[in-house]
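1. I need the structure of the sequence given here:
(one chain, ligands or ions: 1)
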Amino acid sequence: MNAVSVLYICSAGRSGSTFTDMLLGGHSQMESLGEFSFIGKNLALGELCGCGVLVSDCQAWASVFNQIMQERGIDLRQSPYGLRQWDTCAARIIDHQQQTPTFLLGMKLRSTYMKYRYQLPQKIYQYVPFPPKVVGYIRNTCYMYDIVREARNCQIVIDSSKNIFKALALYEYNPSAVRIILLARDGRGVYLSRLNSNVPRKEAVVSWVKYYQRALPLLSKVVRPEHFLKVRYEDIASQPEKIMKKICKFSGVSFEPSMLDFTAGIRHSVNGNQDARFSRQKKGILLNELWKEKLTQEDLEVFDKYGGLTNRRLGYND
Ligand SMILES: [Zn+2]
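-> This next block holds a predicted model:
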């Protein structure tokens, strides 16, 4: 039996995926990559690694880039998208040279193809090939995962890129090595976070609902039940030891108390939530349930109208 080598975190945005990724990265055999699909954009725009220096200047990434240069003749510092990981669409810090209307159209077409492919019965879809670009993305991703695992001497990489189709494609590519965590947070917490970024009420709920409406049935259909794990942000933040032990068991490694020392150690993670990546030394493990005081009755009514059912399906019943 192959050992688990990839833990992939699926979640809607603002659900604690970076926080979870970084906690797991406290294990000696797990390496936190952050939202790895965005590494090309991070290099192109000069963004920071979790260690605090530019990704292009980070020594831990340098050994990975140097090996790729030797083996493939591609210097990612010069050609950031030379080994594209997946179709990515940034919302705030955008590389307009790369994220063009033509690119976004191609991305939409590939995503639609994947959606219809997975609507077919399993006996059929497994014989329907992925789009050629998607095959390339998966190969590039697995290639880079292997180099990182070797360079950092660890068994498992944690990728919190969130995209559900990437999770499924990685799993189909190597089901014995890939494990998927479906992370959920009370939708009202996600909602508040989005309202604070000036997203209109309805939109703030609907995009969150869509994520889980797609992810829940697809994971059940494609991934063997013992290969994916549902985890709630609130449980991680309030009972970290219990949930980290559960994730370790799921991943086939022993629990290490260092996972609970959130403020210790360096993470060379890319992209992801800035606050979780750069403020952890100040904050430690903290349960954020500000929505309980900040959401108005009117906010809650809008949430319940569009998101109440999904929230209950995810186990938030009060
Ligand atoms: Zn770094």
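2. list the buried residues of the helix or strand where residue 147 lies.
-> According to DSSP states H and E, residue 147 maps onto helix 132-151. Of the residues in helix 132-151, 134, 137, 138, 140, 141, 142, 144, 145, 147, 148, 149, 151 count as buried by neighbour count, 16 or more other Cβ atoms under 10 Å. The way it works is simple: take the backbone N, C-alpha and C, and place the C-beta from them, glycine included.
3. is the ion within reach of that helix?
-> No: figure legend: helix 132-151 not in contact with the ion (Cβ under 5 Å from the ion); closest approach 11.6 Å.
4. can you report how many residues lie near residue 318?
-> 5 (other Cβ atoms under 10 Å).
5. right, I mislabeled it, should have said residue 55
-> Residues near residue 55, counting by other Cβ under 10 Å, number 31.
6. contacting residues for it?
-> Shown in contact with residue 55 (Cβ atoms under 8 Å, 6 or more residues apart in numbering): 39, 42, 43, 47, 48, 49, 61, 270.
7. let's see it at 6 Å
-> By Cβ atoms under 6 Å, 6 or more residues apart in numbering, the contact set of residue 55 is 42, 43, 49, 61, 270.
8. okay if I get these as CSV plus neighbour count and distance to the ion?
-> Listed next are the contacts of residue 55 as CSV, based on neighbours: other Cβ atoms under 10 Å; distance: Cβ to the ion, whole Å:
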residue, neighbour count, distance to the ion
42, 23, 11
43, 23, 12
49, 24, 3
61, 24, 6
270, 26, 8
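9. in helices only, show me the residues you listed.
-> 42, 43, 61 (DSSP state H).
10. just these now: which is nearest residue 225?
-> Nearest to residue 225 among these, counting by Cβ to Cβ, is residue 42 at 34.5 Å.
11. the closest one reaches residue 269, doesn't it?
-> No: shown here, residue 42 and residue 269 do not form a contact pair, counting by Cβ atoms under 6 Å, at 10.2 Å.
12. quick one: common contacting residues for these two?
-> With Cβ under 6 Å, 6+ apart applied, the contact sets of residue 42 and residue 269 do not overlap.
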